[in-house]
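Participant: need a structure here:
(2 chains)
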There are 2 protein chains.
Amino acid sequence: MAGASGVDLALTVSRAGGLGALPCALLTPDAVLQQAAEYRAGTAGPLNLNFFCHRSSEPEEAVLATWRQRLTPYYLELGLDPLAPAPAAGRAPFDAAFCAVVEQVRPEVVSFHFGLPEPALLERVKATGARIVSSATTVAEAIWLSDRGCDAVIAMGYEAGGHRGAFLTGDMSAQPGLMALLPQIVDAVDIPVIAAGGIADGRGIAAAFALGAAAVQIGTAYLPCPQSLIPQFHRDALATARDDGTAVTNLFTGRPARGIINRLMAEIGPLSADAPPFPHAAAALGSLRAASSTPEDFTPLWAGQAAALATPMDAEDLTLQLAREGLACLARLSGRPGPGGSPAS
Amino acid sequence: MAGASGVDLALTVSRAGGLGALPCALLTPDAVLQQAAEYRAGTAGPLNLNFFCHRSSEPEEAVLATWRQRLTPYYLELGLDPLAPAPAAGRAPFDAAFCAVVEQVRPEVVSFHFGLPEPALLERVKATGARIVSSATTVAEAIWLSDRGCDAVIAMGYEAGGHRGAFLTGDMSAQPGLMALLPQIVDAVDIPVIAAGGIADGRGIAAAFALGAAAVQIGTAYLPCPQSLIPQFHRDALATARDDGTAVTNLFTGRPARGIINRLMAEIGPLSADAPPFPHAAAALGSLRAASSTPEDFTPLWAGQAAALATPMDAEDLTLQLAREGLACLARLSGRPGPGGSPAS
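Facilitator: Residues are numbered from 1 along each chain as shown, chains lettered A, B, ... in the order given. Modelled structure (predicted):
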């Protein structure tokens, strides 16, 4: 949810009883400190800081040149110079500076994406007493995370929006859907498993618990909330989302991520061998986005496959509704009346 | 399950209380008649006949030549003549002859794959009183099937093994996982929805009901049963199946289908633009399969993403266990003791 969620959404979710999370991948350490302080001032609930932990590397010039070459028709269409230098892409990996922030903020939960940071940094995070969580897209990744001391693992089904958490594989053709992945991860590890991907209402929550989840992580359903930070064109795309309207693409950052199929994905993707490694595919797209009257053509419209189940509503109402409908669905399955009266579906 | 299931498995499932199904895509009309008679003689339970309903077309020579060219390294490796004529591929679509069989057998359920047969044939099937079922891989396909009078629709998640039922789309990058697909189809149609894909134990059954399914269809979990017809090497592959060990491939028949990743898929797939249209990709592989000491390299090892959850056991025991564990899981979710005592997981 980096770029899509800030203090406002995290605070609202926390006040409704959920775990508020601050995505830090696009923030400076100072900004994390400030957002965490705002969060602490606004709620007594626990705080989850989320970091990307890819290994950062300088992109090769030739790779970037190939990528800009691939995008040249779009530069020309928009009257841009294909050779104009592009600003470097953001998305800083978890490092000593972020670690110092964690030691200062002492969040109850620290979650990582793309594996775990190097052992020395991970030990420092553990020493703060934070619960450590990371995403697994396969059983092998879940076992890897469990072996390295994660307190819980997120089973990230192929349905999920945004960046795939995959870190032991780059093969997107073999990524399992949540229905198959979740019970297999539950069987493989002894730590609690958090279900993610394709869950957007009470039915999905109940299904995740049936499959053995201890909790669920819901992202896309919160994107239409007024508290999210996404632009209007992203909201518009979500409002007409279809079950078969997303794909996993590497065009926007270089790393596979699921979003609503837009012009760039339809024309040169969704996956392209020409995209530079994460996060360096992003830089060359910035000027296209800025110059286009339809920025949605060149902007990632992150969303999961259940986007069409989401309805625009306040994040507090949504959180309470998800809990109420999830409990009602569980009760309905056993024939007992639910807490909310009528069933979720 | 064409080629993998016959009378023995269907009868066993029926006697345990499931709906016995005979896959007819690889059978002659006479063989269907005979198998149906054996089934009727062995059980009083309802019968489901399943047919493929693709439109048959003669393959272009140039396309077949390109495909054999693509496979030439394998012919040479096995000492085969790449130019030797290959026998035509089987898999007959539902036609007047099959329809006459349906009129004679009067199965309680007729299910189709790849859409529905032409209207005149469909009307004849309906006139027999059979319930009509077909698979949908998207909401659009479910609505299409419902609009044409299906009595129920199978929501086929991307996790499912074997041929994708897709008939309005060939874009495999946008196919939804069951967690997202099922509730969206349930919301979109007024007929019962049968869940398929990634379900291999009681947890998956309970999850499907949570998402709104009226029933589940389970395939892969029955493949290791002694009553299935798959060869030993397929059983061996299933015994070591992984959550991330399958992919959707068009190499074996020309139509996308999920199987365990084998040598052919790893080396020239899983998806190739060179594969001739369904079912004509299959013919050129027959001689490779016959000549190789490792036929599993060139044979489709159909399996869904939950294959690793399956254990070899008698199909009757499996059917009873699935029902018992499904009910126990539903009861556990509401905190009530299940019918089988201990919970499913």
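Participant: which residue would be the closest one in the stretch 1-150 of chain A to chain B?
Facilitator: Per CB to the nearest CB, A:Thr138 is where the stretch 1-150 of chain A lies closest to chain B, at 4.2 Å. Where C-beta positions appear, they are placed from N, C-alpha and C, glycine not excepted.
Participant: list the contacts of that residue.
Facilitator: Residues near A:Thr138 by CB atoms under 8 Å, 6 or more residues apart in numbering or on different chains: A:Ala166, A:Leu168, A:Thr169, A:Ala174, A:Gln175, A:Pro176, A:Leu181, B:Arg242, B:Asp243, B:Asp244.
Participant: just the buried residues out of those residues, in ChimeraX syntax.
Facilitator: The ChimeraX selection below is limited to those of the contacts of A:Thr138 classed as buried (16 or more other CB atoms under 10 Å in any protein chain shown):
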select /A:166,174,175,176,181 /B:242,243,244
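Participant: mind checking which of the contacts of A:Thr138 land in strands?
Facilitator: The members of the contacts of A:Thr138 all map outside strands under DSSP state E.
Participant: mind listing the helices in chain A by residue range?
Facilitator: A:7-15, A:29-42, A:61-77, A:96-105, A:119-127, A:139-147, A:178-188, A:202-210, A:232-239, A:263-268, A:286-291, A:315-333 (DSSP state H).
Participant: what mean pLDDT does the longest one have?
Facilitator: The predicted model gives helix A:315-333 an average pLDDT of 95.
Participant: so can I have JSON lines of the contacts of A:Thr138 showing distance to B:Leu78?
Facilitator: Formatted as JSON lines, the contacts of A:Thr138 follow (distance: CB to CB, whole Å):
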{"residue": "A:Ala166", "distance to B:Leu78": "36"}
{"residue": "A:Leu168", "distance to B:Leu78": "34"}
{"residue": "A:Thr169", "distance to B:Leu78": "31"}
{"residue": "A:Ala174", "distance to B:Leu78": "27"}
{"residue": "A:Gln175", "distance to B:Leu78": "33"}
{"residue": "A:Pro176", "distance to B:Leu78": "33"}
{"residue": "A:Leu181", "distance to B:Leu78": "37"}
{"residue": "B:Arg242", "distance to B:Leu78": "28"}
{"residue": "B:Asp243", "distance to B:Leu78": "32"}
{"residue": "B:Asp244", "distance to B:Leu78": "29"}
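Participant: out of the contacts of A:Thr138, who's nearest B:Pro276?
Facilitator: Lowest distance from B:Pro276 to the contacts of A:Thr138 (CB to CB) belongs to A:Ala174, with 24.4 Å.
Participant: give the contact list for the closest one.
Facilitator: Taking CB under 8 Å, 6+ apart as the test, what A:Ala174 contacts is A:Thr138, B:Asp244, B:Gly245, B:Thr246, B:Ala247, B:Ile261.
Participant: name the nearest residue to A:Ala303, sequence neighbours excluded.
Facilitator: Excluding the flanking residues, the one nearest A:Ala303 by CB to CB, 6 or more residues apart in numbering or on different chains is A:Gly161, at 4.5 Å.
Participant: how about the contacts made by A:Ala208?
Facilitator: A:Leu178, A:Leu182, A:Ala195, A:Ile199, A:Val216, B:Met179, B:Ala207.
Participant: how does it look with 10 Å?
Facilitator: A:155, A:157, A:178-179, A:182, A:193-199, A:214-218, A:326, B:179, B:207, B:210 (CB atoms under 10 Å, 6 or more residues apart in numbering or on different chains).
Participant: what's the distance between it and A:Leu178?
Facilitator: In this view, A:Ala208 and A:Leu178 are 8 Å apart by CB to CB, to the nearest Å.
Participant: so what sits against both of those two?
Facilitator: Counting by CB under 10 Å, 6+ apart, the shared contacts of A:Ala208 and A:Leu178 are A:Ala155, A:Gly157, A:Ala195, A:Ala196, A:Gly197, A:Gly198, A:Ile199, B:Met179, B:Ala207.
Participant: where does pLDDT dip in the stretch 101-250 of chain A?
Facilitator: Within the stretch 101-250 of chain A, not a single segment meets pLDDT under 70.
Participant: could you count how many residues lie near the residue in the stretch 51-200 of chain A that chain B sits nearest to?
Facilitator: Here the residue of the stretch 51-200 of chain A nearest chain B is A:Gly177; by CB to the nearest CB that distance is 3.0 Å. Using other CB atoms under 10 Å in any protein chain shown, A:Gly177 has 31 neighbouring residues.
Participant: so it makes contact with B:Val248?
Facilitator: No. The pair A:Gly177 / B:Val248 is not scored as a contact, 11.6 Å apart, by CB atoms under 10 Å.
Participant: which residues are in contact with both of these two?
Facilitator: Counting by CB under 10 Å, 6+ apart, the residues touching both A:Gly177 and B:Val248 are B:Tyr158, B:Ala160, B:Gln175.
Participant: this completes my enquiry, with thanks.
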